[in-house]
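Q: what's the 3D shape of this:
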Amino acid sequence: MQWSLILLFLMAQCCFMDCQLYQFLYINENKTWTEAQQYCRENHTDLVTVTNMKDMERLLSISAGDWMDAWIGLYDQTEGDRRQYWSLPGVEFDDNETIWNPGEPNVCGKRENCGLLVNTSKWGYASCSIQRYFLCYNDTNTSHKYHLIKERKSWQKAQSYCRENHTDLISGTKQLQDEEVEKAMKSTHRKPFIGLFRDTWRWSDGSSFSFRHWNKNFKNVEHNRDQCVMAVPSDKGRWKNESCNGKKPFICYDDNVILIKENKTWEDALTYCRDHHHDLVTITNMDDQRWIQEKVKNASTDYVWIGLHYAWTLHFWFWVSDEVVSYENWASCPKMDNCDVSGAMETRGGHKWLEKKDSETFNFICSKY
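A: Reported below is the predicted structural model:
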């Protein structure tokens, strides 16, 4: 019995180490940011993209934690073109769901890049350096998820406070329209910061991940052009921006999944993945989901096949990799009386899963290892 438990533990550890959808690699060679980008694209996938705090922990542990300040994949060469984001990883900004106060968003406000709640139903922008109350979100507390913090902080310090003591700044229309938030707002006449922000920074691989981990000296204003970002291990991995021409070590990543832009039935997609790569992709947690949904945005079909199949005779869903279906992201509960159906992911919108007939043809996602 004891040896069985040890074996199960080792298998779990192996999967944690080997089944990551992307791997980080520290390259101890001094290069400019552009040279580092070229090296990563030629030898790996690209300069590293950091999606959340778990990624930051992984970065800090590479090379056994023994590494110097290093370039990552974030840069600003966009001529001041700002994009809007939510602070909480996985919550995507949608122009169709915005609830602006009259006159917002003020595109002329060069220094107004951090979001606030004007009242229970209207948003606006303000200077990130002004100190305000702020709203935190906590995903581990089902009875009290939203917290109005009646302490004055800059937006960045508010974000750090929320991430250290809760989950993040409150993000997304669904959260902001919760009754608990409305009750909290009635207790103050202030306009608190929320997780909305806009900036001109972009990831080298073209992904739209909103995660930022700036150091305390960073200013979110429009004078960062021709700047690139490095992670500083002595500052808990926090990010610092400086001229892209400096020569430093850098961090690449290897992507372990690939989008195949060919239209195939589910079974043909499975065969293709196993013949050319490893398997149709398995999604075991929300972080995997976020990584995959970023990839499927480039698909040419409305859905992509994933490695989820329905065993009609046994009436249950399973992953072709033999992983248990523990994490789920269905658009609605799938029917349990259909045969010859498999799982597909939306390539737009909420990237939910749907059951589709195996005979339909879509793009698909393969795992490489």
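Q: and the next element down the chain from the least confident helix or strand in the chain by mean pLDDT?
A: Among the helices and strands of the chain, helix 2-18 carries the lowest confidence by mean pLDDT, DSSP states H and E, at a mean of 34. Downstream of helix 2-18, the first helix or strand assigned by DSSP states H and E is strand 22-31.
Q: who does that following strand touch, helix- and strand-wise?
A: Taking 3 or more CB pairs under 8 Å, 6 or more residues apart in numbering; DSSP states H and E as contact, the helices and strands that strand 22-31 lies on are helix 33-43, helix 53-61, strand 248-255. Where C-beta positions appear, they are placed from N, C-alpha and C, glycine not excepted.
Q: Sheet partners, orientation included, of that strand?
A: Sheet pairing for strand 22-31, assigned by DSSP bridges, gives strand 248-255 (antiparallel).
Q: Buried residues in the partner strand, which are they?
A: Under the neighbour-count criterion of 16 or more other CB atoms under 10 Å, strand 248-255 has 248-255 buried.
Q: try stretch 140-151
A: Under the neighbour-count criterion of 16+ other CB under 10 Å, stretch 140-151 has 145-149 buried.
Q: do the same with stretch 108-126
A: Residues 111-118, 123-126 are the ones in stretch 108-126 that count as buried (16+ other CB under 10 Å).
Q: ok, of those residues, which one's closest to Glu323?
A: Gly115 (38.0 Å; CB to CB).
Q: now Glu151, what's its secondary structure?
A: The three-state label given to Glu151 by DSSP: H, G, I helix; E, B strand; the rest coil is strand.
Q: What score does the closest residue to it other than its chain neighbours have for pLDDT?
A: Among residues not flanking Glu151 along the chain, Tyr133 sits closest, at 7.1 Å (CB to CB, 6 or more residues apart in numbering). The predicted structure scores Tyr133 at 96 on the pLDDT scale.
Q: my read is Tyr133 is in a strand, agree?
A: Yes - looking at Tyr133 with three-state DSSP, it is inside a strand.
Q: Any figure for the gap between Ser129 and Asn215?
A: Distance from Ser129 to Asn215, counting by CB to CB, to the nearest Å: 15 Å.
Q: And Thr188, by the same measure?
A: Between Thr188 and Asn215 the distance is 30 Å, computed by CB to CB.
Q: who has more neighbours, those two?
A: Between Thr188 and Asn215, counted using other CB atoms under 10 Å, the more crowded position is Asn215 (15 against 11).
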